[in-house]
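**Student:** no sequence on this one, just coordinates:
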């Protein structure tokens, strides 16, 4: 058979080294030689001798997920082979985390990551109950983290002089050492009269960066994730 479908643009090539690579804009390939972790249901194809196992988050993590809906259900992938991961045709990106780094990311944006990375669910400081239960995933250690995002994300620098205000439904993640707090951009009177709907944002201060998706999460999407 012939045609554009069978061009080099779409034909996968054997992995040249173990680990994570971007196969195309919508998919990440992982050459497994041991163990890696991914969100449950994200594997779309694999070849080789691989085993897939649901991975628990511990009592604390499961409790937080039950309360907030922001947990990250994981599966461990073990063995030797190649696996491809994707989620709803969202755009895929790879973040390299080095020792001393700390990356806070919304669980809905995590696709897969190296087993060498440590993962925990933590409360977003300063969000309080009014933030709708803001629990994010915090990654530390050394390794690669695969992310998904609807559209191309914005990476916005944060400085002491210029804090950044982000919609809590649009934020993907942020770097370590940033201080977070809730910011109200409207008065109560304005809200009662019918404001813009952007009444509360997450304010980030310090030195670092924040990653934002170019759209908000709709209520239906939030329930699915």
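**Tutor:** Okay, I see it. Please read all numbers here as calculations on a predicted model, not as lab measurements.
**Student:** I'd like the next helix or strand past the one helix or strand in the chain whose mean pLDDT sits lowest.
**Tutor:** Within the chain, confidence by mean pLDDT, DSSP states H and E is lowest for helix 58-68 among all helices and strands, at a mean of 45. Downstream of helix 58-68, the first helix or strand assigned by DSSP states H and E is strand 74-85.
**Student:** Quickly run through the sheet partners of that next one, with directions.
**Tutor:** strand 27-39 (antiparallel), strand 43-55 (antiparallel) (DSSP bridges).
**Student:** Surely residue 41 is within a helix?
**Tutor:** No: in this structure, residue 41 is coil, not part of a helix, as judged by DSSP: H, G, I helix; E, B strand; the rest coil.
**Student:** Tell me, how many residues neighbour it?
**Tutor:** Look at residue 41: counted by other Cβ atoms under 10 Å, it has 10 neighbours. In this view, the C-beta of every residue, glycine as well, is placed from N, C-alpha and C.
**Student:** Next up, phi/psi of it, please.
**Tutor:** In terms of degrees, to the nearest 10, the main-chain angles of residue 41 are phi 90, psi 0.
**Student:** nearest to residue 95, of the strands paired with strand 74-85?
**Tutor:** Judged by Cβ to Cβ, the one of these that comes nearest to residue 95 is strand 27-39, at 11.5 Å.
**Student:** now the closest one, how far from the centre of its chain.
**Tutor:** In this view, strand 27-39 has its centroid 16 Å away from the chain centroid, taken as Cα atoms, centre = their mean, to the nearest Å.
**Student:** what does it rub up against?
**Tutor:** 12, 15, 17-23, 44, 48, 50, 55, 72-87, 92, 94, 110-115, 119, 146 (Cβ atoms under 8 Å, 6 or more residues apart in numbering).
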